[in-house]
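> next input, structure requested:
(one chain, ligands or ions: 1)
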Amino acid sequence: MSLLTGKTALVTGGSRGIGAAIVRRFASQGADVAFTYLSSAEKAEAIVEELKGMGVNAKAYQSDASNYEQAEALAKSVLEDFGKIDILVNNAGITKDTLMLRMNEEQWDKVIEVNLKSVFNLTKHVIRPMMRTGGSIINMSSIVGVTGNAGQANYAASKAGIIGFSKSIAKEMGSRNIRCNVIAPGFIETDMTDELDEKTKEAYLSNIPLKRLGKAEEIGDVCVFLGSDMGAYVTGQTISVCGGLNT
Ligand code: NAP
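A predicted model of the protein is given here:
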């Protein structure tokens, strides 16, 4: 038997990058998987077919995680389609990097809405049905949320906010057997990090003890641990998956 057989997962931003690796890892461990995307409809449908080929139920939903009403409608649809949600992964996120001297209100608001308000939106609408069975909420932060980073004040604030939010949910919901943890990835190879220039990438690399960038699948593996009963006594924690960068 696989680690997630009988469980249903909802993952935001599952069409690319880390989210796509998470949904593949979940399916490979027997979970039925619902996931969202914002605009990558074709990629999302291709992943759905791939997951179904692994013998699980899968469906993609176009839904803006930063929008409260859309998050509410999404949770309702997933519950109608799958019957329950055992694992929620709040993974969707964006960057709008610039130094504070140049950062405008739109760049601040957008990053906070997509990265942090989305975590509230989905948790708010999933937590009540999850109380019936217990469950695991996994929120995607970043080591930048722990350490800060020049040029990423908006992103770092959103990711630090996720950590405080998650500790609070762990304390509120532990008695209902709902666990809530945070993953803080370091520098993972995805479209998001492709945007960085070579000089920045080399600077990161020289400071990573494992001397390589991370793979999205390596974040997926930690999600499997936290989503499964292997992580049954872990809640309120922030797990850095960063090749030792934040050490
Ligand atoms: P990515 O490759 O840019 O993929 C982002 C995903 O989020 C896509 O599936 C995208 O959908 C979705 N998305 C974006 N805005 C959305 C919205 N408003 N509503 C719903 N979905 C939305 O990013 P990634 O590198 O995989 O990052 C995933 C998460 O890990 C983010 O929270 C990021 O901050 C965090 N993280 C990444 C790294 C890294 O090194 N890559 C490091 C630390 C933390 P579409 O395909 O439709 O656009």
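> hey, where'd the strands end up in this protein?
8-11, 32-37, 58-62, 87-90, 135-140, 178-185, 238-241 (DSSP state E).
> dump those strands to a markdown table, plus mean pLDDT and distance to residue 109.
To be clear about C-beta, it is placed using only N, CA and C from the backbone, and glycine gets the same treatment. Compiled in a markdown table, the strands of the chain are given as follows (pLDDT from 0 to 100; distance: least, C-beta to C-beta, whole Å):
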| stretch | mean pLDDT | distance to residue 109 |
| --- | --- | --- |
| strand 8-11 | 99 | 25 |
| strand 32-37 | 99 | 21 |
| strand 58-62 | 99 | 22 |
| strand 87-90 | 99 | 19 |
| strand 135-140 | 99 | 20 |
| strand 178-185 | 99 | 23 |
| strand 238-241 | 98 | 25 |
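> any chance of these in CSV, plus distance to residue 80?
Listed next are the strands of the chain as CSV, based on distance: least, C-beta to C-beta, whole Å:
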stretch, distance to residue 80
strand 8-11, 12
strand 32-37, 11
strand 58-62, 11
strand 87-90, 16
strand 135-140, 18
strand 178-185, 21
strand 238-241, 32
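> save those strands as JSON lines, and put in distance to the ligand and mean neighbour count too.
Shown next, in JSON lines, are these (distance: least, C-beta to the nearest ligand atom, whole Å; neighbours: other C-beta atoms under 10 Å):
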{"stretch": "strand 8-11", "distance to the ligand": "9", "mean neighbour count": "28"}
{"stretch": "strand 32-37", "distance to the ligand": "4", "mean neighbour count": "27"}
{"stretch": "strand 58-62", "distance to the ligand": "8", "mean neighbour count": "19"}
{"stretch": "strand 87-90", "distance to the ligand": "8", "mean neighbour count": "28"}
{"stretch": "strand 135-140", "distance to the ligand": "4", "mean neighbour count": "26"}
{"stretch": "strand 178-185", "distance to the ligand": "4", "mean neighbour count": "25"}
{"stretch": "strand 238-241", "distance to the ligand": "9", "mean neighbour count": "19"}
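> in this structure, where is pLDDT below threshold?
Applying pLDDT under 70 to the chain flags residues 1.
> residues from it in reach of the ligand?
The chain has residues 12-13, 15-19, 36-40, 64-66, 91-94, 114, 140, 142, 185, 187-188, 190-193 near the ligand, with proximity defined as C-beta under 6 Å from any ligand atom.
> residue 151 versus the residue of the chain most remote from its centre, what's the distance?
Within the chain, residue 101 marks the point farthest from the mean C-alpha position, 29.5 Å out by C-alpha atoms, centre = their mean. Distance, residue 101 to residue 151, by C-beta to C-beta, to the nearest Å: 10 Å.
> cool, residue 202 as well?
From residue 202 to residue 151 the distance is 16 Å (C-beta to C-beta).
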